[in-house]
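A.B. asks: Predicted model and sequence follow; I will ask about them next.
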Amino acid sequence: MPLNIPNALTWARIVLIPVFVGVFYLSDGALSVETKNLIATIIFVVAAVTDWFDGYLARALGQTSAFGAFLDPVADKLMVAAALILLVQLSRVDALIAVVIIGREITISALREWMARVGQSASVAVAFVGKLKTAAQMAAIPMLLFNAPVLGIDMVLVGTILIYVAAGLTLWSMGYYLHRAMPLLLDKGGD
């Protein structure tokens, strides 16, 4: 496991997950609900920024590695799953939305691993629809975590609309990836 700046940023995202979750388990006497929302939002946004930044640094510094390529999406999926589960618990996201998004992530991760094993990982490389899904959910989650208006804009309403858009794009992208992989699944599925 090469320890370099990009991988250190990825590990930092993973370490932030229990802090992110733990904020909501502090008593309301220790932190107000509004302060918990703000801290959780900041942690999530910092994690999202480090996600972009570690990829940029890995390429710019020539520090890409197989381990980093594995760990980076794992860290992203763990943070998003933790956020969605918290938002369900806080009654800010419907459980069905969380199941759709988390279920898709597990399904496509397994599909990508299998496709890599049969030498066809390019068939399920990240597509534009997947990037749109990620953008929608990464915009929605901080709005729903913050849970208050900003400059007169109802963040809960906008975040709710975006999380439904993200769920729709999640299903679309899953269908896209499964369609791309279907010939191999049918051909090699019994191997």
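C.D. replies: Looks like it came in fine.

A.B. asks: Residue 53 and residue 88, how far apart?
C.D. replies: According to Cβ to Cβ, to the nearest Å, residue 53 and residue 88 sit 29 Å apart. C-betas here are computed from N, CA, C, even on glycine.

A.B. asks: other SSEs contacting the top helix by length along the chain?
C.D. replies: Counting residues, the longest helix found in the chain (DSSP state H) is helix 155-188. Helices and strands touching helix 155-188, by 3 or more Cβ pairs under 8 Å, 6 or more residues apart in numbering; DSSP states H and E, are helix 95-117, helix 128-146.

A.B. asks: for this structure, what are the low-confidence residue spans?
C.D. replies: Applying pLDDT under 70 to the chain flags residues 1-2, 121-125, 188-191.

A.B. asks: According to the record, where do the domains of it fall?
C.D. replies: What automatic domain parsing lists as the domains of the chain is 1-91, 92-191.

A.B. asks: centre of the chain versus the longest one, how much separation?
C.D. replies: Okay, so that is domain 92-191. In terms of Cα atoms, centre = their mean, to the nearest Å, the centre of domain 92-191 is found 8 Å from the chain centre.

A.B. asks: And for stretch 34-41, what's in contact with it?
C.D. replies: Outside stretch 34-41, the residues that touch it by Cβ atoms under 8 Å, 6 or more residues apart in numbering are 20, 23-24, 26, 31, 86, 142, 145-148.

A.B. asks: ok, and the most crowded of the residues you listed?
C.D. replies: Neighbour counts for those (other Cβ atoms under 10 Å) peak at residue 145, which has 27 neighbours.
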